[in-house]
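Visitor: what shape does this take:
(chains A and B)
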Amino acid sequence: MDHVVAGSEAAFATLVDRYKNRLQNIVYRYIRDFQRSEDLAQEAFVRVYLHRERYRKTGKFSTWIFTIAVNLAKNEIRRKVRLRDVLSLDYIAEMLGGSDPGIKDESQPAADRQAERGQTSGVVADAIAKLPVVYREALVLRDIEGLAYEEIAEILGIPGGTVRSRINRARIMLKDKLKGFAKTEL
Amino acid sequence: MTTCQRIDSLVSAYLEHEASPAEMRFVESHLATCSQCRAQISEVSLAMEELSRLPRLETRAEFTEEVLARTRGLRAADLDSREPWLMAPRFTSRHVLQWGVPLAAAAALALALVTLQISRRSGEPETASRETTTQTSNPAPAVPPVEPGSTATSPVQGPVTPPEVIHYGKGEGKSLGMARDSYALGTYELRTPREGGTPILTPVAAKPDLPVVVTF
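Guide: I've put the predicted structure just below:
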């Protein structure tokens, strides 16, 4: 990171290579839009570059960049909510139904989408997408990205106890949704 | 809170061995007698396994180079401002399709309605009051007529391309499909990176003759 702060493009490229997949995965699990998740992951790196001199060595770099990515993803959800708010009655129905708007996979390449949906992982991904965002984000950071509870608390800006209870609740909700799907399939 | 509800709140801590020894003993003694809670714990454990098996997305091969191209488009002045929303968004054909087409259709409809309204008004007979106003008003124009090709308000000679105004907002003007806090009110210009590729919307100091103005 010191080289990045000094303006080394090669060092910045290494940084991008190291974190790009994790960043896009996190954003994708929020918004389920492959192309937009790529845009936002790139935007997170641009922000890191813009504010590289602000990086505090006392904190973990991963925490900093994940926080930027999470905030961008949340902004994207809010933007989609605003659009749907005026455009769609389905959105209201979704809200009343308890699932989150702004997470339908509309622009992921059809082949990728089909591949994911054709497997159990597609069912799991759909179930995650149906969780309310406060539970989804905690679950993704813990069970998919494998981050520590303390780091998740820092990224989301909430107390560690709240992170733990949200993750616990999210797992139970996810289990119920998967169970519901299994019953439907049978 | 019933015992089963208390077990619910301890499921994750139990599965991740993060519960205290007393809590672990409490859970285990309850599981020995409650099949419902045993099933609950087992199913949550399976769900966690499924999560860990989710495939990872891979970014496109061009990802890193595209990020570098975007940062090259940023100028020193942008860095000095340190505003988080001073970004260099990309124009892509997808953005045009996603936002341009529906908004162009809406603009065409609005234009058609305005044209219809004007044509209706021009077909109406003048009212008495309008005639009176015309008769009592000063026949000399308040502003002297402007010669074609010149401008009365600007000393600039020759044609000046008006800036393309982009509004961010609901149903007004043209949107880039961008996150609101990513963009400052200001003037931007489209710059193609030296090595080619996607043009970058780059913030510049306010100059009215530059091609793009973003407003909210």
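
Visitor: unless I'm mixing things up, residue B:27 is touching residue B:17, no?
Guide: No: between residue B:27 and residue B:17 there is no contact, the gap being 11.1 Å when judged by CB atoms under 8 Å. Just so you know, the C-beta spots here come from the backbone N, C-alpha and C atoms, and that holds for glycine as well.

Visitor: more neighbours: the two, which one.
Guide: When residue B:27 is set against residue B:17 and neighbours are counted by other CB atoms under 10 Å in any protein chain shown, the residue ahead is residue B:27, at 21 against 7.

Visitor: buried ones in the helix or strand harbouring the more buried one?
Guide: In this structure, residue B:27 is located in helix B:21-31 according to DSSP states H and E. Within helix B:21-31, the residues scored as buried using 16 or more other CB atoms under 10 Å in any protein chain shown are B:23, B:26-27, B:30-31.

Visitor: which is the next helix or strand following that helix?
Guide: Once the chain leaves helix B:21-31, the following helix or strand, as judged by DSSP H and E, is helix B:35-52.

Visitor: show me what that following helix is packed against.
Guide: Judged by 3 or more CB pairs under 8 Å, 6 or more residues apart in numbering or on different chains; DSSP states H and E, helix B:35-52 is in contact with helix A:120-129, helix A:160-185, helix B:3-15, helix B:21-31.

Visitor: what's next to that helix, contact-wise?
Guide: Identification of contacts with helix B:35-52 by CB atoms under 8 Å, 6 or more residues apart in numbering or on different chains yields A:120-121, A:124, A:128, A:139, A:143-144, A:171-172, A:174-175, A:178-179, B:4, B:7-8, B:11-12, B:14-15, B:30-31.

Visitor: where does chain B have its least confident helix or strand?
Guide: Of all the helices and strands that make up chain B, helix B:128-136 has the lowest average by mean pLDDT, DSSP states H and E, namely a mean of 39.

Visitor: sketch out the low-pLDDT regions of chain A for me.
Guide: Regions of chain A meeting the criterion pLDDT under 70 cover residues A:57-58, A:84-120, A:181-186.

Visitor: next, count neighbours for the residue lying closest to residue A:20 once chain neighbours are set aside.
Guide: For residue A:20, the nearest residue in space outside its immediate sequence neighbours is residue B:59; the separation is 4.7 Å by CB to CB, 6 or more residues apart in numbering or on different chains. Using other CB under 10 Å, residue B:59 has 21 neighbouring residues.

Visitor: confirm residue B:59 sits in a strand?
Guide: No: counting by DSSP: H, G, I helix; E, B strand; the rest coil, residue B:59 is not found in a strand; it is coil.

Visitor: just to revisit the earlier point, same list (the buried residues of helix B:21-31) but as TSV, adding pLDDT.
Guide: Supplementary listing: the buried residues of helix B:21-31 in TSV, determined by pLDDT from 0 to 100:
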residue	pLDDT
B:23	93
B:26	93
B:27	93
B:30	93
B:31	93
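
Visitor: present those as JSON lines; the columns should include distance to residue A:74.
Guide: Output for the buried residues of helix B:21-31, formatted as JSON lines (distance: CB to CB, whole Å):
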{"residue": "B:23", "distance to residue A:74": "33"}
{"residue": "B:26", "distance to residue A:74": "37"}
{"residue": "B:27", "distance to residue A:74": "34"}
{"residue": "B:30", "distance to residue A:74": "38"}
{"residue": "B:31", "distance to residue A:74": "38"}
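
Visitor: before we move on, back to that, filter the contacts of helix B:35-52 down to just the buried residues.
Guide: When burial is judged by neighbour count using 16+ other CB under 10 Å, the buried members of those are A:121, A:124, A:128, A:139, A:143-144, A:171-172, A:174-175, A:178, B:7-8, B:11-12, B:14-15, B:30-31.
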